[in-house]
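Colleague: pasting the structure only:
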């Protein structure tokens, strides 16, 4: 599942490991990125706990296992390709181990999407892609962005994470600025609020998915809406008609 920028998303998932799960010793055939949500375990003999993670690049030999007393729960995103390797090498880590702000991001993993080559799912791939770029950003993998305006960084962040249930509060916290200052900077450069921009981007993606005749409930979940009715009401408010009528009107013009 290549997303167009040279990165192949191979698999993703979440696992609460059993205390008796044996050590896994493998040669990596893709790039493996793990984030520990709770508990602890061992990576190449070193203890890792919640708020830490580990990275294995293609071709490396690694071993990891849960702690038998307090086994870990983690999520993983596996990718392939040189573009992914180049980004992952920017993660500030020691021997493949890194820290991440677990207390800020646990809510993102309540329904972490399983993704496999055998059972490819568009929604899961979109969520995996968004979370991949989201964590690379908070891990400091885009140093060139320090030369950008804050508003440009925020816009890029939104574009990469548009399928997540983004809030102004979480974005402001990510960039370490107040919500009011975020709104001021964004409106000054783009003549709209960040909330308006998020809405426009979500609806543009929704329209693309409707043109592919995808299920409306599926689209709403893929775009981070907890309720299909919230998506439908927002769509009708901005577009003027319901998602189903929009889809029917466009598809009828093609017949």
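Modeller: Yep, that arrived. As the structure is a prediction and not an experimental result, all values here were calculated from the model.

Colleague: what sits up against the strand or helix carrying residue 218?
Modeller: Using DSSP states H and E, the element containing residue 218 is helix 216-222. With Cβ atoms under 8 Å, 6 or more residues apart in numbering as the test, helix 216-222 has contacts from 122-123, 126-127, 163, 206, 209-210, 227-228, 230-232, 243-244, 247. (Glycine included, C-beta is placed from N, CA and C.)

Colleague: which of those sit farthest apart?
Modeller: The most widely separated members of those are 127 and 244, with 23.8 Å between them, by Cβ to Cβ.

Colleague: if you count what's nearby, which of these two comes out ahead?
Modeller: Regarding residue 127 and residue 244, a neighbour count based on other Cβ atoms under 10 Å identifies residue 127 as having more, with 24 against 12.

Colleague: Quick one: list the elements packing against the one helix or strand residue 232 maps to.
Modeller: Residue 232 belongs to helix 228-239 when elements are defined using DSSP H and E. Helices and strands touching helix 228-239, as assessed by 3 or more Cβ pairs under 8 Å, 6 or more residues apart in numbering; DSSP states H and E, comprise helix 194-211, helix 216-222, helix 243-253.

Colleague: So for residue 25, which of those sits nearest?
Modeller: Within those, the stretch nearest residue 25 is helix 216-222; the backing value is 36.4 Å (Cβ to Cβ).

Colleague: Please indicate which of the contacts of helix 216-222 are buried?
Modeller: Buried subset of the contacts of helix 216-222 (neighbour count, 16 or more other Cβ atoms under 10 Å): 123, 126, 127, 163, 206, 209, 210, 228, 231, 232, 243, 247.

Colleague: Name the nearest residue to the last one, sequence neighbours excluded.
Modeller: Residue nearest to residue 247 in three dimensions, not counting chain neighbours: residue 210, with 4.3 Å by Cβ to Cβ, 6 or more residues apart in numbering.

Colleague: mind checking pLDDT for the one you found?
Modeller: Note on residue 210: pLDDT of 89.

Colleague: mind listing the strands for the chain?
Modeller: Per DSSP state E, the chain carries strands over the ranges 8-16, 24-27, 31-38, 40-43, 46-49, 52-56, 61-66, 73-80, 97-99.

Colleague: As JSON lines, these with mean neighbour count would be great.
Modeller: As requested, the strands of the chain are exported to JSON lines (neighbours: other Cβ atoms under 10 Å):
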{"stretch": "strand 8-16", "mean neighbour count": "18"}
{"stretch": "strand 24-27", "mean neighbour count": "11"}
{"stretch": "strand 31-38", "mean neighbour count": "22"}
{"stretch": "strand 40-43", "mean neighbour count": "20"}
{"stretch": "strand 46-49", "mean neighbour count": "16"}
{"stretch": "strand 52-56", "mean neighbour count": "23"}
{"stretch": "strand 61-66", "mean neighbour count": "18"}
{"stretch": "strand 73-80", "mean neighbour count": "21"}
{"stretch": "strand 97-99", "mean neighbour count": "16"}
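
Colleague: Throw these into JSON lines and include distance to residue 198, thanks.
Modeller: Converted to JSON lines, the strands of the chain look like this (distance: least, Cβ to Cβ, whole Å):
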{"stretch": "strand 8-16", "distance to residue 198": "23"}
{"stretch": "strand 24-27", "distance to residue 198": "39"}
{"stretch": "strand 31-38", "distance to residue 198": "24"}
{"stretch": "strand 40-43", "distance to residue 198": "36"}
{"stretch": "strand 46-49", "distance to residue 198": "34"}
{"stretch": "strand 52-56", "distance to residue 198": "27"}
{"stretch": "strand 61-66", "distance to residue 198": "37"}
{"stretch": "strand 73-80", "distance to residue 198": "23"}
{"stretch": "strand 97-99", "distance to residue 198": "28"}
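
Colleague: Okay then, goodbye and thanks.
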